[in-house]
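Enquirer: Next come a sequence and a model predicted from it.
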Amino acid sequence: MDFMKPETVLNLDNIRQALIRMEDTIVFDLIERSQFYSSPSVYEINKFNIEGFKGSSFLDWSLIQMEKAHSQIRRYEAPDESPFFPDQILKPILPPIKYPKILAKYTDEINVNEEIKQFYVNEIVPQVSCKIGEQEENLGSVSTCDIECLQAISRRIHFGKFVAEVKYQSDKLNYIRLIKLKDVKGIEDSITNSVVENKILERLIIKGQNYGVDPSLKYSQNPQSKVKPEVIAKLYKDYIIPLTKKVEVDYLLRRLEDEDEELVKSVEV
Ligand SMILES: O=C(O)C(=O)C[C@]1(C(=O)O)C=C[C@@H](O)C=C1
C-alpha cells in the first residue's frame, strides 16, 4: 500500500496483508526481547535520577528521546504512526510531506498508546523475557528493544483506523445509524470477523514455531522455541486484537464529525 494513493490503503485485502506482514515484525521483536531478563528497573518510576524527568521511568525517558529524534525525521507525519508522547515531539527538519487525506480529521486524537504501554510492561515483558530479574549491563539494550516492540505493536493496533474507515465507507448508512444511536455493541459486532481472528491466532502459532527456533536445529530432539508460540498467540488474543477493535470503535464513534451534515440528518434511527 502507498499512503500517497488512498485507493491502495482503503482496501481491506491490502490492509489485512499489511497486518499479516506486521505479525512477522512483532514476532521477531518479541524473540529479540526474550534474550533479556525482565529488568524491572527499566519500568520503575524515578528509579534513576534523570534531571527534568521526575515521575517517569527509564523506558519513558528513552522513548521520549527516541520520539524527539524520530519526529524530526518525519516519522509522525505518516498516517500510520502514532507517538507515545504526542506533546513532546518536535517539528521535522525535513520539508513536510503532503499526504492525501485518508482518515477523518480527528485521527490523531485516537491514540491508545498509554494502554499499549501498560499491557506491554505488565503482561508481555514478564511472559516473554527469558528470566525474571535483571542484569545491570543490559538495561540500555532492554529499553531499545522495548521501544522496537512498542512501536511495532502500536503501529499494528492503530492500523485499526484504516480498517474502520474502509468498513465505514463500504456500509455508510448502517454505520451512520449505529453511530447516531451510540450503539457500541452494534458497532463492535459489525466490525468483528471471527474467522479472520482465528486465522491470525493459528498463523501466529506456526510463525512462533518457525521463527523462534534456529532453523538448523528444527529437526533435532529439542529445538527450544525462544518465545512460546502459545504466548504470542495469547497476547494477540487478549490484548492486540481487542485493542485494535477498540481503536476501530473509538474511531467510528466520532466518524460523523467528519461527515456531510445533510447525509447524517437524512438517516433515520
Ligand atoms: O481484519 C479486520 O476486519 C479487522 O477488523 C482487524 C481485526 C484484527 O485485529 O486483526 C480485528 C477485528 C476483526 O474481528 C478481525 C481482525
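Expert: Thanks, I have it. Residues are numbered from 1 along each chain as shown.

Enquirer: separation between T144 and E32?
Expert: For T144, the distance to E32 equals 10 Å [CB to CB, to the nearest Å]. No exception for glycine: its C-beta is placed from N, CA and C like everyone else's.

Enquirer: Show residues contacting the biggest helix by length in the chain.
Expert: Counting by DSSP state H, the longest helix found in the chain is helix 12-33. For helix 12-33, the surrounding residues in contact (CB atoms under 8 Å, 6 or more residues apart in numbering) are 1, 8-9, 124-125, 128-129, 142, 145-146, 148-149, 152-153, 155-156, 159, 162-163, 166-167, 170, 196, 200, 203-204, 207-208, 211-212, 226-227, 232, 235, 240.

Enquirer: Now narrow those residues to whatever sits close to the ligand.
Expert: Among those, the ones lying near the ligand by CB under 6 Å from any ligand atom are 163, 196, 200.

Enquirer: would you turn those residues into JSON lines with distance to S190, neighbour count and pLDDT?
Expert: Putting those into JSON lines (distance: CB to CB, whole Å; neighbours: other CB atoms under 10 Å; pLDDT from 0 to 100) gives the following:
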{"residue": "V163", "distance to S190": "12", "neighbour count": "21", "pLDDT": "98"}
{"residue": "V196", "distance to S190": "14", "neighbour count": "12", "pLDDT": "97"}
{"residue": "I200", "distance to S190": "19", "neighbour count": "18", "pLDDT": "98"}
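
Enquirer: just the residues you listed now: which is nearest R75?
Expert: V163 (21.6 Å; CB to CB).

Enquirer: correct me, but the closest one touches K245?
Expert: No: using CB atoms under 8 Å, V163 makes no contact with K245, being 9.1 Å away.

Enquirer: starting at the chain centroid, how far to the longest helix of the chain?
Expert: In terms of CA atoms, centre = their mean, to the nearest Å, the centre of helix 12-33 is set 10 Å apart from its chain centre.

Enquirer: buried stuff in that helix?
Expert: Neighbour-count burial for helix 12-33 flags 14-16, 18-19, 22-23, 25-33 (criterion: 16 or more other CB atoms under 10 Å).

Enquirer: Same question for stretch 43-50.
Expert: For stretch 43-50, burial by neighbour count (16+ other CB under 10 Å) applies to Y43.

Enquirer: just stretch 120-129 next, same as before
Expert: By neighbour count with 16+ other CB under 10 Å, stretch 120-129 contains the buried residues 120-121, 124-125, 127-129.

Enquirer: Count the neighbours of M4 for me.
Expert: M4 has 11 neighbours, counted by other CB atoms under 10 Å.

Enquirer: What pLDDT is listed against it?
Expert: Here the pLDDT value assigned to M4 is 93.

Enquirer: same question, the one 10 residues further on
Expert: Turning to N14, the model gives it a pLDDT of 96.

Enquirer: Ok, K218 next?
Expert: You'll see K218 listed with a pLDDT of 57.

Enquirer: what's stretch 66-78 in contact with?
Expert: 3, 81-86, 88-94, 96-97, 99, 147.

Enquirer: Quick check: phi and psi on K131?
Expert: Backbone geometry at K131, expressed as degrees, to the nearest 10, gives phi -150, psi 150.

Enquirer: Give me the number of neighbouring residues for it.
Expert: Neighbourhood size, K131 [other CB under 10 Å]: 11.

Enquirer: start the count at 803, not 1, going forward
Expert: Will do, 803 is the new start, and the previous item becomes K933.

Enquirer: Could you check how far it is from S992?
Expert: Separation of K933 from S992 (CB to CB) stands at 44 Å.
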